[in-house]
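Chemist: Please work out how this folds:
(2 chains)
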Amino acid sequence: MKYLPLVLRNLGRNKIRSFLTGAAIALAIALVCILRTMPAGLDAVLASAAANTRISTHNEAGIVYSMPYAYLAKVRAVPGVVAAISWNWFGGAVDITKGVSFPNFAVDADQMSQVYADWPVDPQVFEDFRKYRDAALVGDSTLQKMRWKIGDVITLQSTVYPVTLSFRVVGAIPVANNGSLYFQREYLAQALSAAGVNFDTTGMIWSRIDDPDRVAPVINQIDQMFRNSEAITATETEKAFIGNFFGGLKQLVTIIQIVAALVTLCIVFIAANTASLSIRERIGEIAILKAMGFRKQTIFSTLLAEAGLLALVAGVAGAFTAWGLIKALQMFATGAGPQLGPLTQFIVSRVILVQAIFIAFFIGIISGWVPALGASRRSVAQTLREVF
Amino acid sequence: MIDLVNVSRLYHRGADEIHALERVSLHVDRQRFVALMGPSGSGKSTLLNVLAGLDRPNSGEVTVAGQRLNEMSEDQLAAFRAHTVGFVFQFFNLIPVLNAVENVELPLLLTHLTKAERRQRAETALRVVGLSDRADHRPRELSGGEQQRVAIARSIVTDAELIVADEPTGDLDAKNAEEILSLLQTLRRDFGKTVVIVTHDPRAEKWVDEVIHLDKGLLLEKRPGGAARGMAGA
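Modeler: You can find the predicted model right below:
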């Protein structure tokens, strides 16, 4: 501790350089902290987005492959299935030249309210959806993005089927992560029939099970039922289904974390270069200290302490900056509406803070090690001859 | 105080061998003020480094203050320097981020003294060199002569027996050079220090007890200085 004032004075020797080095480390640490929130945040998003009694059935080959629409009746007949609806990707676009800007599906309106009983949607809205042939339910985020309101009539040109349909928005779906538009399958079936197109397939079947404990046996029973059929099915929980969608995102997160690790490595080199410059500038002073009787271990320790202390302070600043940013983002997301709701799931936990501060200290120690070792081992007489 | 027997020091510069010291034998009594003189490259600074424990000879025996330096490890040499030797350099070499009293206090960090004791001793050392009123000044706020006096205070703060100075007046004007030489003589006379300086400055001769001439690594001549003839300060 008696060397601390000397260490602090040396850190303040070139304030701009110390600040810039510290800022680089702080920025890297903040980045690492924010990226470290992603795995747990995505898990939390998945957990919050999925109901534990809702399951999805689709073609085993993938969701782009269809199944016979007759499967729906068979699924509905499975003991434990409270309700089930089919989903068909409509691929409707407001402006066909700009492509599909939000997901839209044709669904069975009759059991929609039962399958999605956990949605905070007024029963009257579900009733309107069931009652009006051209009714559409639209996710809040899409309503806001497209500046639509309840009662608006909108037109979508399908990129899958040779039809263009108009819909009346009868209700909003105030659920985070859900920007989809749903409309009646019957409406699409009639339009396709008029166009002379046969429509007897479905892309997915979503079912609600009466008891969470029965989910696994029901999944097994459904897949067993279609094992020898023309379209073998794969049934999974909603969480697993969404998780598969997020699978690609998780890989992206892994890549981002690798990039963050490389950034951290770059910061090590930058900090090492700065430490090396700083020590080289003082090589004469260091020789004088050694001449006075400072042992090489003491010289090494004080130089390393400089690098470690700077990185530690920068790490604390970076970690708490990330914590503050995430907190601010959460507050903003909470007030901004459901489309930003998932952001509230990303949390800079205590573990992340401690890990980040440790990484920063490690950066300092690694970056200072080689230059400090070199300076401490340098011969006093040789340095005095060279420098003075 | 200082005994060197057949000390040789050889440097390699590329393929060349440089004989900085060749079989130099030297004895310096305690409480003497000795000047090592000679042309550039004569081996003066090498000799100073060897007897101060900064450099090791290739051969020969070095004994200072009763301690044989040849057999010491790096750490033991560091401890020897910390307790026995005080250093003064041509360019003062104060730490620019520390003020005068903190610079003087620096060698005391190697002792077990408390912070208050360290500060008290540093202030005493500054008083000895006449710079009590400049204790809070950074080196850049001091003149060359004042900086060198701070360096001398730093060299005596541990109560080292041996003070070595490499060209202590080399960067000073005539007046300040005289003051520094006078101060070193005072340290020898009033505080019982043994002082060895390397210098080109002919003015130093009248202040020292002994002048040792070296050339090409050889000790050529050893003769009394002005102080021994009662000329110091004249």
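Chemist: CA only for contacts and neighbour counts going forward, please
Modeler: Fine.
Chemist: buried set for stretch B:213-225?
Modeler: B:213-219, B:225 (16 or more other CA atoms under 10 Å in any protein chain shown).
Chemist: So what does the spatially most central residue of chain B have for phi and psi?
Modeler: When CA atoms, centre = their mean is applied to chain B, the residue found nearest the centroid is B:V164 (1.2 Å). Main-chain torsions, B:V164, degrees, to the nearest 10: phi -120, psi 140.
Chemist: show me what contacts it?
Modeler: Contact partners of B:V164, counting by CA atoms under 8 Å, 6 or more residues apart in numbering or on different chains, are B:48, B:52, B:85-88, B:195-197.
Chemist: Which of those fall within strands?
Modeler: Among those, the ones falling in strands (DSSP state E) are B:85-88, B:195-197.
Chemist: pLDDT score for B:A227?
Modeler: Looking at B:A227, its pLDDT reads 68.
Chemist: Work out for me the element B:T63 sits within.
Modeler: Element membership of B:T63 [criterion: DSSP states H and E] is strand B:59-64.
Chemist: could you give the angle of that strand to strand B:85-89?
Modeler: Angle, strand B:59-64 to strand B:85-89, by axes from the mean of the first three to the mean of the last three CA atoms, to 10 degrees: 100 degrees.
Chemist: which residues are in contact with strand B:59-64?
Modeler: B:1-9, B:23, B:50-51, B:68-70.
Chemist: Go through these and name the one nearest chain A.
Modeler: B:V50 (9.0 Å; CA to the nearest CA).
Chemist: how about the nearest residue to the closest one, chain neighbours excluded?
Modeler: B:R56 (5.7 Å; CA to CA, 6 or more residues apart in numbering or on different chains).
Chemist: what about A:Q190, how many neighbours?
Modeler: 13 (other CA atoms under 10 Å in any protein chain shown).
Chemist: tell me the mean pLDDT for the lengthiest helix in chain B?
Modeler: Ranked by residue count and defined by DSSP state H, the top helix of chain B is helix B:174-191. Per-residue pLDDT values over helix B:174-191 give a mean of 87.
Chemist: Report the inter-axis angle for that helix versus strand B:194-198.
Modeler: 150 degrees.
Chemist: Pull out the buried positions in helix B:174-191.
Modeler: B:176-188.
Chemist: measure the residue lying closest to A:F346 once chain neighbours are set aside to A:I29 for me?
Modeler: Among residues not flanking A:F346 along the chain, A:G41 sits closest, at 4.4 Å (CA to CA, 6+ apart). According to CA to CA, to the nearest Å, A:G41 and A:I29 sit 18 Å apart.
Chemist: Quick check: residues of chain A near chain B?
Modeler: A:2-3, A:9-10, A:13, A:284-285, A:288, A:290-296, A:380-381, A:388 (CA under 8 Å from any CA of the partner chain).
Chemist: Narrow those to those in strands?
Modeler: Using DSSP E, none of these sit in strands.
Chemist: of those residues, buried ones?
Modeler: Using 16+ other CA under 10 Å as the burial test, the residues of chain A next to chain B include A:10, A:284-285, A:288, A:290-296, A:380-381 as buried.
Chemist: coming back round to it: can you tell me which of the contacts of strand B:59-64 are in helices?
Modeler: Members of those lying in helices (criterion: DSSP H): B:50-51.
Chemist: For the contacts of strand B:59-64, work out which two are farthest apart.
Modeler: The widest separation within the contacts of strand B:59-64, taken as CA to CA, falls between B:M1 and B:R9 and amounts to 20.9 Å.
Chemist: More neighbours: which of these two?
Modeler: Using other CA under 10 Å, the more surrounded residue of B:M1 and B:R9 is B:R9, with 22 against 16.
Chemist: So the more buried one sits against B:L21, correct?
Modeler: Yes. At 4.9 Å, B:R9 and B:L21 qualify as touching, with contact defined as CA atoms under 8 Å.
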